[in-house]
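Asks: Sequence plus the predicted model coming up.
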Amino acid sequence: MNPLIILLPILLGGILSLASQKYSRFIALAGSVLSSIVIIFVLLGSSFSFASAYTAALPTYSLNWFSLSTLSVSLYLSTMSINELLLILVGIISPLIFWYSIGYMDVPSENSRYYFELSVFAASMLLFAMSADFITMFIAWEGLGITSYLLIGFWYNKREPPYAARKAITTIIIGDILMLSGILIIWTSFHTFVFSTLINSQATQSTNFAIALLLILFASFTKSAQFPFHEWLSDAMEGPTPVSAFLHSSTMVKAGVFLIALLLPLYISAHLLPVILVFGIITAIFGVINAVSSKHIKKILAYSTIEDLGLMFVALGLGAILAALLLFIVQTFYKALMFMNAGSIMKANDEETNIYKIYSFGGNKTLLAAAVIGSLSLAGVFPFSGFLGKAAIDTSASSNIMVYLILVALDFLTAFYIFRWLFVPMKQQKSNPRDSRIGTNFAYAKKSMIVPQLILSVIVIGVSLFAFYMNSISQYITTTDLIIESAVSIAGVAVALFVFYIPKRALFSERSAARNFLSKGLFVNAAYYYIARFVQLVAHAIDIFDYELNRFFYSGARGTTDLGNAIRKTESGSVNLYLTAFAVGLIFIILILVL
Amino acid sequence: MAISAIMQMQFVYILVASLILLTVSNILSVFSRRHKIAFFGTIAFLFISLTATALLYASNASFYFFSIFHTNAFSEFFFMFFAIAIIMVETLSYKYSHELPAFSLLLSLVTFGVFLVTFAYSLIAILVGLETVALASTFMIIMNGKRFVEPAVKLFILSAISIAIFTFALALLLPYDPQLTLSLPGTSQAGSYLLGLSLILFAGALSLDAAAFPFNLWVPDVYEGSPSNVTALLASVNKKVSFIAILEVFIIIFAAYRSSFGTPLFSLVFFFLSIFTMFFGNLVALVQKNLKRLFAYSSISQAGYIFIGIAVASTAGIQASIFYIVSHMFMIIGAFAIVLWLESKSIRNIDECTGLASKNSFAAISLTILMLSMAGIPPLVGFIGKFLLFSSAVYANDAVLAFIGIINSFISIYYYAKVINQMYTRRQGKKMQMDKNIAIVVIVCLIFVIAVGIYPQILISAASSAASALGAV
């Protein structure tokens, strides 16, 4: 079966949802559910095994797009192994997100636009999951970028979102240029776009190829929010929460990781793994530090996403592709769950985002349970599924003691900050009567927002139960690491408990010197600012040159229109003139032939 | 699926019968003065002929019939698209023609002329076909009233001259081929001045129809003066039929008539015609204020682009020209459909389009897409067409042509953008409703422009098989 059929329902749903503001949510939900069903049918024939997930994705389907003389471009799709994995993940997550959105999006006049953009995003993501060559991948890549931009800036009439969207698109376009350059270098040197051909060609020793791979790596960094391109992701939290749950935690940001995982054999043979490893570690450290200091309910989760992505790159840098994929899978679920939960809390608190000002959960035990399951999983407490990914990465780093120590420290801090996220709002006393709007709406939490969280909670627990049931964990995680990881994460939770929950007054108040320093985001944004200033200076210099050039072109354009006016005079409407022109034309042709 | 020669011949009979019935039904509807019968009869019989041609095309038919016709991928390919274009013109005219039965009758004559030209195996058939198309459209213009006499007479005089010259050119070919078949003359040709003169006259006569510089001066007057549905016909069918004639005459008959350098001589002629036509069309379009004149000049410049492929005279070039002829057919019908509707709302000039986007967003968006396609912006069909044309020029070491073509696309963006700019300038106004028949035509054109732009492979390979059926250069 042609795997492109998968895209059909969801795209159709998106387009049809433009037709009706009122029913757009149901149309879009139906489209995404149908797409997921189609995924099941497409994948029914193929057998899936996680252990072989990393084998190069051979194209199972190709479509001749166009051939212009010598250049022939085809789209290659694959539904094997690793592609199948991402397809399933997106297929599970996307209906849940659409469902959750029904409750979340309460501005009916914007529904059509929202569901259209979200559907186009989901379709791009599915296309990305199936792509087996650079052209298809790049089309999907661009689709992801542009929908991400649109959805971050969705509330365009508020103050912050347009800036956040601009920041995101700037970073993403840097990535697009890098990616395109990489692809073109690969094409000019190897005349193929297909991943598996490249991987099997063994022609990977040349300098050109290493440069192309580096370009593609940095392009992946922009999409997967790796240092130094990570800051856009925390700003992207200005988008609607389902968007954060979908694009900016569980699917889109992992496109870069996915691509590098696909191409990992190339990076191994080009000896570029240390680059991936170093950037992954730096990013993870940045992510954790920012997460510890941030007080924005969604940004903490965003920095945690940055950390997780960094960890995945660490695993890739260690060559442990299966460990990376394990975290890839489990992170999808727990991070989507956490974001949905944060969205519910924000809804109940009148969109307040400061964790020191909001009251979580009220009497809503379901929401609390989901938050606890998500947090335990994110912290990596045994036996919740986050544990699987983190411990597997620890194991893969066990030969490198430096990396291992850093990872253990990060795991400890992860457990600490996520329980800070959980405990600080829970401790909040309702002291200020003015805030009556805040923290009261929990009783009215909508079913469509709660049920997806329950489903995800079940999946979060279920994945790890399944893994233990299959008894295949020992391949990826040694017993020592199991013990160390459990101890470290429980220690982190315990410390958070003693600092934030048990004391009468919180130990680290909202304004402390250390937090103040850390909240600057380690000055990455300041660095962006100086880079931007520098670019502006260059731009000024170019502008002066440009002005002169423009004047030159302006006079050229004036000349052109004047010429047009002069020629127009020949159009007098007189047939005699036209006949004369005919005679002149014949003479003209004769002259051409004679001379 | 192998279809026997007898079956294929039956398709030909169905095609010819449907054309005859088309004419007969329209004659009857002229007497009964029933608009609906004329409309649906025309559409139905055109569809039958379209289906018959499609079946012929699908069965790879290639044979001679009725002694002056032959059918092959080239003729079938073009007849199908012309049938679609004529169906669209008839749809446009449904509410916009006072005398729809008479109009349909003339349209069926145009169809017959198109049939003669596309299926011709004889130069006489081409001559008669061109004449039929030109005469029928002259009457289509003039039947609308006194106001339309002037453009009709202009069209009549110019096409009469074109036919006269064509006939003379034809006569010069007689010593080489008394049958006047559409095939390479058998006898040696090198250095024959008679053949050279014939080539010049053919080039003049057909360039007059195809509106190449300097034979194009009549075009804007006639296009502007005619009712827009007839203009759509003139720009899509009349003009493109003459391109078919050019392809048939020059690529087949004059292919072996080469200069001392070994390049076909006609290629040199079209090289210059192409450059001048592109520049003329685009430069004058820059200063136009009337929408219809703008599109008239734009279609002149587009003819220049099509000539690039003929000037290149390689298989890739011919293929690119064929691709562009078909794609421009859809772009220009869509554009003139919107112009027709705008005229009925008495919007004629570019500056009257202000705020069209707020009055009817569909019209504004579709006109934008069509114009972007004409300017050659990806991922629309115009881009693919221009890419094919320019790349064929580059591969044939005619980079000059490609370069000039690119400069001209550049110029053309200016005047298209001027219209787009006007349409999206904010000015609140009353909403304007678009008629269903026009909307349908515009949607068909849009689907073609976008779908083929995104996935051009089908049309490219169809064009290449048409090019190879025409004969190698």
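Replies: Good, I have the coordinates. Residues are numbered from 1 along each chain as shown, chains lettered A, B, ... in the order given.
Asks: which residues does residue 253 contact?
Replies: Just going to use chain A. A:K223, A:S224, A:A225, A:L233, A:L247, A:T305, A:L309 (C-beta atoms under 8 Å, 6 or more residues apart in numbering or on different chains). Glycine gets a C-beta too; all of them are placed from N, C-alpha and C.
Asks: Chain B was what I was after
Replies: Counting by C-beta under 8 Å, 6+ apart, B:I253 has contacts B:L123, B:L173, B:L182, B:S183, B:L184, B:P185.
Asks: What is the nearest of these to chain A?
Replies: Set against chain A, the nearest of those by C-beta to the nearest C-beta is B:L173 (16.7 Å).
Asks: so what's the backbone phi/psi at the closest one?
Replies: phi -80, psi -20 (degrees, to the nearest 10).
Asks: Neighbours of it, how many?
Replies: Around B:L173 there are 20 other residues, counting by other C-beta atoms under 10 Å in any protein chain shown.
Asks: pLDDT value on it, please?
Replies: Confidence at B:L173, expressed as pLDDT, is 85.
Asks: again, but for A:L311
Replies: If you check A:L311, the pLDDT there is 92.
Asks: In which helix or strand does it reside?
Replies: helix A:297-317 (DSSP states H and E).
Asks: just the angle between whichever helix or strand comes after that helix and helix A:297-317, please?
Replies: Counting by DSSP H and E, the next helix or strand C-terminal to helix A:297-317 is helix A:321-348. Here the directions of helix A:321-348 and helix A:297-317 differ by 180 degrees (axes from the mean of the first three to the mean of the last three C-alpha atoms, to 10 degrees).
Asks: quick check, nearest of the contacts of B:I253 to B:A210?
Replies: Closest approach between the contacts of B:I253 and B:A210, by C-beta to C-beta: B:L123, at 16.9 Å.
Asks: Give me the neighbour count for the closest one.
Replies: By other C-beta under 10 Å, 24 other residues sit near B:L123.
Asks: what's the distance between it and A:I358?
Replies: B:L123 is 86 Å from A:I358, where distance means C-beta to C-beta, to the nearest Å.
Asks: Which members of the contacts of B:I253 occur in helices, if any?
Replies: B:L123, B:L173 (DSSP state H).
Asks: Pull the most distant pair out of the contacts of B:I253.
Replies: B:L123 and B:L184 (13.0 Å).
Asks: so where's the longest helix in chain B?
Replies: helix B:315-344.
Asks: Determine the next helix or strand in the C-terminal direction from it.
Replies: Later in the chain than helix B:315-344, the nearest helix or strand by DSSP H and E is helix B:356-359.
Asks: For that next one, name the packing helices and strands.
Replies: When contacts are defined as 3 or more C-beta pairs under 8 Å, 6 or more residues apart in numbering or on different chains; DSSP states H and E, helix B:356-359 packs onto helix B:361-375, helix B:399-424.
Asks: quick check, nearest of the contacts of B:I253 to A:W141?
Replies: B:L182 (50.8 Å).
Asks: Does that closest one touch B:T118 like I think?
Replies: No. Distance between B:L182 and B:T118: 11.5 Å, which falls outside the contact criterion (C-beta atoms under 8 Å).
Asks: For those two, indicate the residue with more neighbours.
Replies: For B:L182 and B:T118, the more surrounded residue by other C-beta under 10 Å is B:T118, and the numbers stand at 27 against 21.
Asks: Wait, that one touches B:S242, no?
Replies: No. Using C-beta under 8 Å, B:T118 makes no contact with B:S242, being 12.0 Å away.
Asks: The residue lying closest to B:K292 once chain neighbours are set aside and B:A160: what is the separation?
Replies: Counting by C-beta to C-beta, 6 or more residues apart in numbering or on different chains, B:K292 lies nearest to B:E224, which is 4.9 Å off, once chain neighbours are set aside. Going from B:E224 to B:A160 by C-beta to C-beta gives 21 Å.
Asks: For the two, indicate the residue with more neighbours.
Replies: The residue with more neighbours, out of B:E224 and B:A160, is B:E224; 20 against 14, by other C-beta under 10 Å.
Asks: for the helix or strand encompassing that one, packing partners?
Replies: According to DSSP H and E, B:E224 maps onto helix B:218-225. Judged by 3+ C-beta pairs under 8 Å, 6+ apart, the packing partners of helix B:218-225 are helix B:149-173, helix B:291-312.
Asks: let's go with 10 Å and repeat that
Replies: Applying 3 or more C-beta pairs under 10 Å, 6 or more residues apart in numbering or on different chains; DSSP states H and E, one finds that helix B:218-225 makes contact with helix A:575-594, helix B:123-142, helix B:149-173, helix B:193-210, helix B:228-233, helix B:265-286, helix B:291-312.
Asks: Check the offset of that helix from the chain's centre.
Replies: Chain-centre distance of helix B:218-225: 16 Å, with C-alpha atoms, centre = their mean, to the nearest Å.
Asks: again with stretch B:123-135
Replies: 15 Å.
Asks: Averaged pLDDT, it. What do you get?
Replies: 93.
Asks: Check stretch B:356-373 too.
Replies: Per-residue scores along stretch B:356-373 average to 91.
Asks: Also stretch A:260-274?
Replies: Across stretch A:260-274, the average pLDDT comes to 88.
Asks: how about that stretch: buried residues?
Replies: A:I260, A:A261, A:L262, A:L263, A:L264, A:P265, A:L266, A:Y267, A:S269, A:A270, A:L272 (16 or more other C-beta atoms under 10 Å in any protein chain shown).
Asks: thought the second one was touching A:L327?
Replies: No. Distance between A:A261 and A:L327: 11.1 Å, which falls outside the contact criterion (C-beta atoms under 10 Å).
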